[in-house]
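Asker: Just need the structure, nothing else, for what follows:
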Amino acid sequence: MHNASGTRITTATNTITLAIKANPGSGVVLGTTTASAVNGVATFSGLKIEKPGAGYTRVALTLDALSTTSPQFTISVGTSSKLAFTVQPSNGVTNTAIAPAVEVDVQDSVGNTVTTATPTVNLIIGNNPQARIWWEPRQGPQQTRALRSQPCHSTALAQDLR
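Answerer: Modelled structure (predicted):
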């Protein structure tokens, strides 16, 4: 907390709450957003915003109507940490392609698609190890092999699953 001339008020013990003011990514603040000032300083650790976006601002408020707004900042997508089905496998008929095609996204820890990820995603049948995934190549005879998707902007599209 500072006075009008910019000097820290070391006796201030106000309760301060942080919130998102400009919210271009429709994010939510995760963590403890209220802290009491000690020697005029309120410390907030471990705060996160789970949606990416450019132009976010935060506002700090006190119960006695004091406030300040942060400069704009950007929240970027995190690193790859999990896979998630975006189109679930559905029931099908023997030797007929499953429709719609199964899709798996590479996501960060809070579920944002990591568009820069290019991993190879292997799809296997977990509860029926005797089952096979059939891949029908464009040319040549039908082959049985593990399905491997090609890296494709963080979404693995498994077409022609049979």
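Asker: Show the backbone phi and psi for the residue lying closest to K82 once chain neighbours are set aside.
Answerer: Computed as CB to CB, 6 or more residues apart in numbering, the closest residue to K82 that is not its neighbour in sequence is Q107, at 5.3 Å. Glycine gets a C-beta too; all of them are placed from N, C-alpha and C. Phi and psi for Q107, reported as degrees, to the nearest 10, are phi -130, psi 160.
Asker: Q107 contacts T79, correct?
Answerer: No. Using CB atoms under 8 Å, Q107 is not in contact with T79; the gap is 10.2 Å.
Asker: shared neighbours of those two, anything?
Answerer: Taking CB atoms under 8 Å, 6 or more residues apart in numbering as the criterion, Q107 and T79 both touch V114.
Asker: who has more neighbours, those two?
Answerer: Between Q107 and T79, counting by other CB atoms under 10 Å, Q107 is the more crowded of the two (20 against 11).
Asker: For this structure, give me the ranges with low pLDDT.
Answerer: Residues of the chain that meet the criterion pLDDT under 70 lie in 120, 122-162.
Asker: at 50 instead, please
Answerer: Residue ranges of the chain with pLDDT under 50: 132-153, 162.
Asker: What are the boundaries of the helices in it?
Answerer: Counting by DSSP state H, the chain has no helices to list.
Asker: So which residue is dead centre in it?
Answerer: The centroid of the chain falls nearest to N112 when counting by CA atoms, centre = their mean (2.5 Å).
Asker: That residue and T94, how far apart?
Answerer: Look at N112 and T94: by CB to CB, to the nearest Å, they are 37 Å apart.
Asker: ok, back up a step: spit out the contact partners of the nearest residue to the residue nearest to the centre of the chain once chain neighbours are set aside.
Answerer: With sequence-adjacent residues excluded and distances taken as CB to CB, 6+ apart, N112 is closest to V77, at 4.7 Å. For V77, the contact set (CB under 8 Å, 6+ apart) comprises 52, 108, 112-116.
Asker: With distance to N23 added, can I get those in JSON lines?
Answerer: Putting the contacts of V77 into JSON lines (distance: CB to CB, whole Å) gives the following:
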{"residue": "P52", "distance to N23": "12"}
{"residue": "D108", "distance to N23": "19"}
{"residue": "N112", "distance to N23": "15"}
{"residue": "T113", "distance to N23": "20"}
{"residue": "V114", "distance to N23": "22"}
{"residue": "T115", "distance to N23": "21"}
{"residue": "T116", "distance to N23": "24"}
